[in-house]
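[1] quick one, structure for this:
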Amino acid sequence: MKIDKKLIKELSENLDEFNLTEISYSNGITTIKVSKASGQVSVVNSSPAIANEKKVEIDPSVQLIKSPMVGTAYLSPEPGAKPFASIGKKVKKGETILIIEAMKTMNHIQASVDGEIIELLVSDGEAIEYDQILAKIK
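    Reported below is the predicted structural model:
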């Protein structure tokens, strides 16, 4: 197994940039976890059975909005307020669709394209992981 040193270095830099103590990345086969606390990097390689694997067709017209950080998702600007986005809502590129709170900082997550929200994959107050899919826009 070849270890992607560039990815490990990038994950380590993200620890410092976002003041995290731990970060992990998975591509479905290999999982890499970098932690400041232990000073160790762990790599887990799991080979799924190819015969049992189902092919998932990806719709190129659907844009995935992924989390750039670890934090807590908020769907509205304050408790009880109208949510930024909902399923079926038309959004413009750059429009806030939710907020992720990280280290007491509110980070606005914006639509990367014009389109319609077809799926919101997080709920209000949910803990969010790095690179987690938050919403789908078509």
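[2] now do the helices in this protein.
    5-17 (DSSP state H).
[3] domain map for it?
    5-47, 63-137 (automatic domain parsing).
[4] lowest average confidence, helix or strand, in this structure?
    The least trusted helix or strand in the chain, going by mean pLDDT, DSSP states H and E, turns out to be strand 41-45, with a mean of 52.
[5] and the nearest residue to residue 99 once chain neighbours are set aside, how far is that from residue 90?
    Spatial nearest neighbour of residue 99, chain neighbours left out: residue 74 (4.4 Å); criterion: CB to CB, 6 or more residues apart in numbering. For the C-beta atoms, the positions are set from N, CA and C on the backbone; glycine is no exception. Computed as CB to CB, to the nearest Å, the residue 74 to residue 90 distance reads 21 Å.
[6] what's around the closest residue to residue 24 other than its chain neighbours, how many residues?
    The shortest distance from residue 24 to any non-neighbouring residue, by CB to CB, 6+ apart, is to residue 33 (4.1 Å). For residue 33, the neighbour count with other CB atoms under 10 Å is 16.
[7] ok, residue 93 to residue 24 distance?
    30 Å.
[8] tell me the confidence at residue 16?
    Listed pLDDT for residue 16 reads 78.
[9] which stretches of this structure have low pLDDT?
    1-2, 28, 37-59 (pLDDT under 70).
[10] what's the local residue count around residue 72?
    Count around residue 72 with other CB under 10 Å applied: 15.
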